[in-house]
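**Q** Any chance you could fold what I've pasted below:
(chains A and B)
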Amino acid sequence: METKTEAASFRDPSGFLFFKDGALYRQINQGYREHYDHMQTSGLYESLIAQKLIISHDEITGMDFPDPASGYKIIKPDVVDFISYPYEWSFLQLRGAALTTLRLARAALDHGMILKDASAYNLQFHKGHWVLIDTLSFEIYEEGVPWVAYRQFCQHFLAPLALMAYRRDQRLNLMSRLFIDGIPLDITAKLLPSRTKLWFGLLTHIHLHARSQKQYADKAVSREQVRGKISQQALIGLLDSLRNTIKGLSVPVGGTEWADYYGETNYSPSAFDEKKTIVSDFIDKAKPERVWDLGANTGEFSRLASDKGVFTVAFDVDPSAVSQNYIRVRKEREENLLPLVMDLTNPSPGLGWGHCERQSLMARGPVPLVLALALVHHMAISNNVPLGRLASFFSQICEHLVIEFVPKSDSQVQRLLLSREDIFNEYTVSGFEAAFQAHFAIIEKRSVSGSERILYLMKSNASQVVK
Amino acid sequence: MRISILLKPLMYLDPGSGSFIIQMLLAGFLGIAVAVRIYWKKIVAFFGKNKSGKVQDELDELDEYGEQQDSGSEED
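**A** Predicted coordinates for the structure are as follows:
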């Protein structure tokens, strides 16, 4: 029986995650015993479960500890369908995760505990809610001690949110990809416009905070020295102030390149409906347990899968389209759809220690079904990816593939070719089919009437194990 | 005292000296702000809250108060 420690779970000595026979478990160490027990007996865990704020878990008995010297308990947390990272979220998603973190911190205080870390990576959008996935994030509150996770909260949440809001550009969220522990506050302070110093929230939590970090960088301040210096009321004030600051930040949603996509296509309404019928039919034939929709826009086609109860991740390069999709997920209480920002021409890499703390997109696959609708021309023509390489990429991430071929005569492709020379001789129906048949078997091929587009259902030749 | 001995080895994050100091500097003000806010809320509640109706605020309600309190929060 194979036991393997999870690659990102090494910083906190309270415990660690491990896999055994493919299932995920968490060892809780003796050092965390009092805190874990307090979380259970104080009613905090129960309260967080009732509010859907934490991932649920079962205590496991009779299993050997992977690290017997330090083991106290083994728990088996509920599994999250897809682990996503803050740099893959739109502004509203990061904002939601931030407000949830503050809500967790307040709930903890009400039960005599405090959130001991405020990492954005500890939050996941799971079944339509933001939940804390790190069960060991709480410690017994000691009156008078400042918030240990304040720096982390500001770096992981406030800094990227303020940058996006004040520079009015959601792409700035990608800066979180550069810094494993959040965007440093000194850089944030430099990048924010000076007028942010006029606002109490950003003046204190970013600008003065950054200056204080610089001033005391080489001076040790122990927990003993700060004990008794910040009352519980002041701590609540700090959390409230962070909450108000975050609630004051916004980025306009919509009105970008892709968000109006469906209004601009050359489909007639009947062709659009027909395309939906065909895709839905292909999904039924593939019977997937999970779906990735690549180039999902606002999730119109993703919902053909998620509405059937299939967990679906809807990736798009445009944060505004992802925001709109997310708003719909929240408003309609959808539980099977996860909208994410992803540039497929440069997808999320493996990051952190040993490149393993945050997984690349491909490492989080493969999946039973990928939808690639109105996508190929963007990869093949805008990004010059040869069709053979595209087919090879898809064969590594999925078992079944629903893919749309958009011919050169299509107005969308013509638009892409407007400002450049047509160097794409292989970009024809036969060239496309030949390239993909090197990796896939074409199960079905249907054209959308009233357009020149063709939809394919394919199955990968590789006999890989789909996660 | 016993608790603090237990707590110590678990503080695995470096809170940062500067991040501790700024909290201490803000502490007095933030404590007072909480008290003021409680009274302010009562005043606002008395005159009735003017809702912006923005999508963002709707989502905030879900993240800040959850589903259960959702219907109730509209009367706030």
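**Q** Could you use CA atoms for every contact and neighbour count after this?
**A** Will do.
**Q** Please, where are all the helices along the stretch 151-300 of chain A?
**A** A:159-166, A:185-191, A:200-202, A:209-215, A:223-226, A:232-247, A:261-264, A:269-286 (DSSP state H, counting those that start in this stretch).
**Q** who wins for proximity to B:K41 among those?
**A** B:K41 lies closest to helix A:232-247 among the helices of the stretch 151-300 of chain A, at 13.2 Å (Cα to Cα).
**Q** Just the buried residues of the closest one, please?
**A** Using 16 or more other Cα atoms under 10 Å in any protein chain shown as the test for burial, helix A:232-247 gives A:232-243, A:245-247.
**Q** ok, which of those residues also contact chain B?
**A** With the criterion set as Cα under 8 Å from any Cα of the partner chain, the members of the buried residues of helix A:232-247 near chain B are A:Q233, A:A234, A:L235, A:I236, A:G237, A:L238, A:D240, A:S241, A:K247.
**Q** ok, these vs A:F153, which is closest?
**A** Looking across those and measuring by Cα to Cα, the closest to A:F153 is A:L238, at 11.6 Å.
**Q** Count the residues that sit near the residue lying closest to that closest one once chain neighbours are set aside.
**A** For A:L238, ignoring the flanking residues on the chain, the nearest one in space by Cα to Cα, 6 or more residues apart in numbering or on different chains is B:L30 at 6.0 Å. Neighbours of B:L30 under the rule other Cα atoms under 10 Å in any protein chain shown: 24.
**Q** So B:L30 lies in a helix, does it not?
**A** Yes. Counting by DSSP: H, G, I helix; E, B strand; the rest coil, B:L30 is part of a helix.
**Q** so after the helix or strand where A:L401 lies, what's the next helix or strand?
**A** Element membership for A:L401 (DSSP states H and E) is strand A:398-405. Downstream of strand A:398-405, the next assigned helix or strand under DSSP H and E is helix A:411-417.
**Q** Now find how far off-centre that next one is within its chain.
**A** Computed by Cα atoms, centre = their mean, to the nearest Å, the chain-centroid distance of helix A:411-417 equals 31 Å.
**Q** and if you look at stretch A:155-164?
**A** Worked out by Cα atoms, centre = their mean, stretch A:155-164 lies 16 Å from the chain centre.
**Q** could I have it exported to CSV, CA atoms only?
**A** The C-alpha coordinates for stretch A:155-164 follow below in CSV (Å, rounded to 0.1, in the frame of the first residue of the first chain):
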residue,chain,number,x,y,z
GLN,A,155,-0.4,40.1,0.6
HIS,A,156,-2.7,37.4,-0.6
PHE,A,157,-5.9,39.3,-0.9
LEU,A,158,-5.8,43.0,-0.3
ALA,A,159,-2.8,43.7,-2.6
PRO,A,160,-4.0,42.0,-5.7
LEU,A,161,-7.6,43.3,-5.2
ALA,A,162,-6.4,46.9,-4.7
LEU,A,163,-4.1,46.7,-7.7
MET,A,164,-6.9,45.4,-10.0
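**Q** and the helix or strand hosting B:L26, what other elements does it pack with?
**A** Using DSSP H and E, B:L26 sits in helix B:17-47. When contacts are defined as 3 or more Cα pairs under 8 Å, 6 or more residues apart in numbering or on different chains; DSSP states H and E, helix B:17-47 packs onto helix A:209-215, helix A:232-247.
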